[in-house]
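A.B. asks: got a structure for you, letters missing:
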Ligand SMILES: C[S@@+](CC[C@H](N)C(=O)[O-])C[C@H]1O[C@@H](n2cnc3c(N)ncnc32)[C@H](O)[C@@H]1O
Ligand SMILES: [Zn+2]
């Protein structure tokens with residue numbers, strides 16, 4: 001089966017060294033950094049969709065400090081446990097992969113566990129995907145939309161969706177029957193200390209991806225990863241602020257007060273749900 005389908009006509013794309021081409025003659029060049037851009041200009045809602053360069057850079061710096069490594073390890077354990085024992089390569093797609101921290105650590109974990117796999121990292125932001133290319137050359141990085149994934153229907157063994165927008169129909173379409181969906185989303189206490197400093201009132205979120213998934217999926221497990229961590233420099237506090245959506249809504253004085261601190265104790269609290277495509 002072809003790895004990718006044409007985003008214009010959904011026919012299989014044939015790959016050469018530098019180009020993808022479908023039988024209808026639609027063709028896509030490989031970017032210098034090594035990714036494929038399969039996002040159609042006419043389907044973009046903005047000129048530069050997804051995370052911008054500054055957000056990507058902040059996320060990279062923050063994640064490289066390692067505070068979320070135990071979370072990434074748990075994501076990898078859940079997928080390795082369920083995909084272990086196979087002889088053919090598992091096709092996994094990290095949807096909204098950002099700058100590739102989790103996708104690359106997953107690739108390493110699967111290799112260490114001896115699970116054959118092909119990994120696709122997909123994000124709508126070209127800034128994120130360009131950065132991701134620096135992390136691994138063996139992952140197939142794609143600029144594309146999660147609403148319209150350029151993979152054959154029913155072709156994926158697993159999709160991870162980590163802190164990214166849930167679009168149930170394209171997920172169900174792309175997965176094989178029995179394929180896995182791993183979703184991570186913030187729990188009520190996630191970065192609660194930071195949110196208390198920013199907002200007068202902190203309300204629990206009403207976001208529940210499990211309620212939106214409909215009957216195409218069966219829940220296999222749902223757990224919460226929760227642990228404290230500490231930022232011990234002004235730089236790491238300001239990097240976190242640049243990375244989170246909270247900081248965009250924050251009054252200037254509140255940001256200044258936070259940036260004047262040299263230590264901040266925080267909680268990571270994240271939901272991890274593993275589902276199976278029926
Ligand atoms: C909060 S970030 C999470 C990134 C990464 N999973 C992580 O946790 O480090 C959400 C990502 O979703 C991407 N995104 C937003 N809309 C998207 C879409 N329609 N299709 C694919 N990616 C999208 C953004 O560009 C951004 O990189
Ligand atoms: Zn085509």
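C.D. replies: Sure, I can see it. Remember, it's a predicted structure, so these values are computed and weren't measured experimentally. Residues are numbered from 1 along each chain as shown. Ligands and ions are numbered 1, 2, ... in the order given.
A.B. asks: who in the stretch 101-250 of the chain is up against ligand 1?
C.D. replies: Within the stretch 101-250 of the chain, the residues that sit near ligand 1 (C-beta under 6 Å from any ligand atom) are 101-102, 123-125, 128, 145-147, 162-165. Just so you know, the C-beta spots here come from the backbone N, C-alpha and C atoms, and that holds for glycine as well.
A.B. asks: one more pass at 5 Å, please.
C.D. replies: 123-125, 128, 145-146, 162-164 (C-beta under 5 Å from any ligand atom).
A.B. asks: may I ask which of those has the most neighbours?
C.D. replies: residue 123 (32 neighbours; other C-beta atoms under 10 Å).
A.B. asks: which residues pair with it across the strands?
C.D. replies: residue 143 (DSSP bridges).
A.B. asks: for the residue of the stretch 51-200 of the chain found nearest ligand 2, which residues are in contact?
C.D. replies: Proximity of the stretch 51-200 of the chain to ligand 2 (C-beta to the ion) peaks at residue 150, 10.0 Å away. The contact partners of residue 150, by C-beta atoms under 8 Å, 6 or more residues apart in numbering, come to 4-7, 13, 38, 142, 144.
A.B. asks: quickly list the domain ranges of this protein.
C.D. replies: Per the record, the chain has its domains at 1-30, 31-277, by automatic domain parsing.
A.B. asks: listing partners with orientation, what would you give for the helix or strand that contains residue 269?
C.D. replies: Using DSSP states H and E, residue 269 maps to strand 264-277. Strand 264-277 pairs in its sheet with strand 175-186 (antiparallel), strand 217-231 (antiparallel), by DSSP bridges.
A.B. asks: mind checking which of the contacts of residue 150 are in strands?
C.D. replies: Residues from these lying in strands, with DSSP state E as the criterion: residue 142.
A.B. asks: show me which of the contacts of residue 150 is closest to ligand 2.
C.D. replies: Comparing the contacts of residue 150 against ligand 2 with C-beta to the ion places residue 6 closest, at 3.1 Å.
A.B. asks: separation between the closest one and residue 61?
C.D. replies: The gap separating residue 6 from residue 61 is 36 Å, by C-beta to C-beta, to the nearest Å.
A.B. asks: check residue 139 too.
C.D. replies: The spacing between residue 139 and residue 61, counted by C-beta to C-beta, is 21 Å.
A.B. asks: what's the local residue count around residue 68?
C.D. replies: By other C-beta under 10 Å, the residues close to residue 68 number 20.
A.B. asks: what does the one 4 residues further on give?
C.D. replies: Per other C-beta under 10 Å, the neighbour tally for residue 72 reads 21.
A.B. asks: I'd guessed residue 126 sits against residue 33; true?
C.D. replies: No - here residue 126 lies out of contact with residue 33, judged by C-beta atoms under 8 Å, at a distance of 9.4 Å.
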